[in-house]
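**Q** Build the 3D model from these lines:
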Amino acid sequence: MNTAASTSCPSKTSLRWERARESARRRIREAAANVFAEEGFEGATMKRIAAVCGVTKVTLYAHYRDKERLYRSVMDGHLAKMPLSTLDMHGVTDLSDALMRITEGIGRLAADVSCQAFCRSLSRSDHASDAYREHWNAMLEPYLTLVEDVFMKALCRPTNAADSEKFLRLVLAEHGLPEGGGPVSGSDATVALFLRAYSLLI
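**A** Presented below is the predicted three-dimensional model:
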């Protein structure tokens, strides 16, 4: 019998233990995600998370040493599950079509469960918000770049760079996503507003 080969392969018992451990950690993260989304980092407690998960605090701390590590694990998990911010702009014929595709793309992002949970947790948390706000801004950067590109291509003269950001903020606000301003009337109205603003320039 090759003892080297047998010792390098994990036993069935250790594989079962690893699966059980990962299953427990997954349940904890799911419970924590709900609590962080409802109460934010500061309002959430390990006691509350343990209760929602149906485990003891001792079990919770055995898997996650502190609330900060658990928060990071939850937020990183949300980011990993979010859809990529890519849009198919093939066949776009005019500025209106381009802007509507961008608003639809952001709408799909806003409808994603992981995005919703991430944004709720982000908006309710002060702790580590700078780091995760940077992640969120990076997620939005391709949309902003695309808006800037379509404005530049559609206009006869250079556009105001701040308008691209204003457009994106209006659409984000409509969907209740971070970096948005006050309520707006809808994607169609947002597109119409910008088309009217640029009608004299096209």
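
**Q** Of all the residues in the longest helix along the chain, which ones are buried?
**A** The helix spanning the most residues in the chain, taking DSSP state H as the definition, is helix 12-43. For helix 12-43, burial by neighbour count (16 or more other CB atoms under 10 Å) applies to 24, 28-29, 31-37, 39-41. Quick note: C-beta positions are derived from backbone N, CA and C, even for glycine.

**Q** domain ranges for this structure?
**A** 3-78, 82-198 (automatic domain parsing).

**Q** could you dump these to CSV with mean pLDDT?
**A** Rendered in CSV, the data for those read as follows (pLDDT from 0 to 100):
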stretch, mean pLDDT
domain 3-78, 89
domain 82-198, 81
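
**Q** contacting residues around Tyr143?
**A** Contacts of Tyr143 were listed using CB atoms under 8 Å, 6 or more residues apart in numbering, and they are 85, 87, 102, 105-106, 168.

**Q** Contact partners for the nearest residue to Leu70 once chain neighbours are set aside?
**A** Nearest in space to Leu70, with sequence neighbours left out and distances taken as CB to CB, 6 or more residues apart in numbering, is Tyr64 at 4.1 Å. Residues in contact with Tyr64 (CB under 8 Å, 6+ apart) are 25, 28, 70, 73.

**Q** ok, so of the residues you listed, who is nearest Thr145?
**A** Of all those, Thr145 sits closest to Ser73, with 30.1 Å by CB to CB.

**Q** Okay, and the spatially most central residue of the chain sits in which element?
**A** Among the residues of the chain, Cys115 comes closest to the average C-alpha position under CA atoms, centre = their mean, at 3.6 Å. According to DSSP states H and E, Cys115 maps onto helix 113-123.

**Q** between whichever helix or strand comes after that helix and helix 113-123, how many degrees?
**A** Past helix 113-123, heading to the C-terminal end, the next element that is a helix or strand (DSSP H and E) is helix 129-154. Direction vectors for helix 129-154 and helix 113-123, defined by axes from the mean of the first three to the mean of the last three CA atoms, to 10 degrees, enclose an angle of 120 degrees.

**Q** Now helix 129-154: buried residues?
**A** By neighbour count, and taking 16+ other CB under 10 Å as the criterion, the buried residues in helix 129-154 are 129, 132, 136, 139-140, 143-144, 146-148, 150-151, 154.
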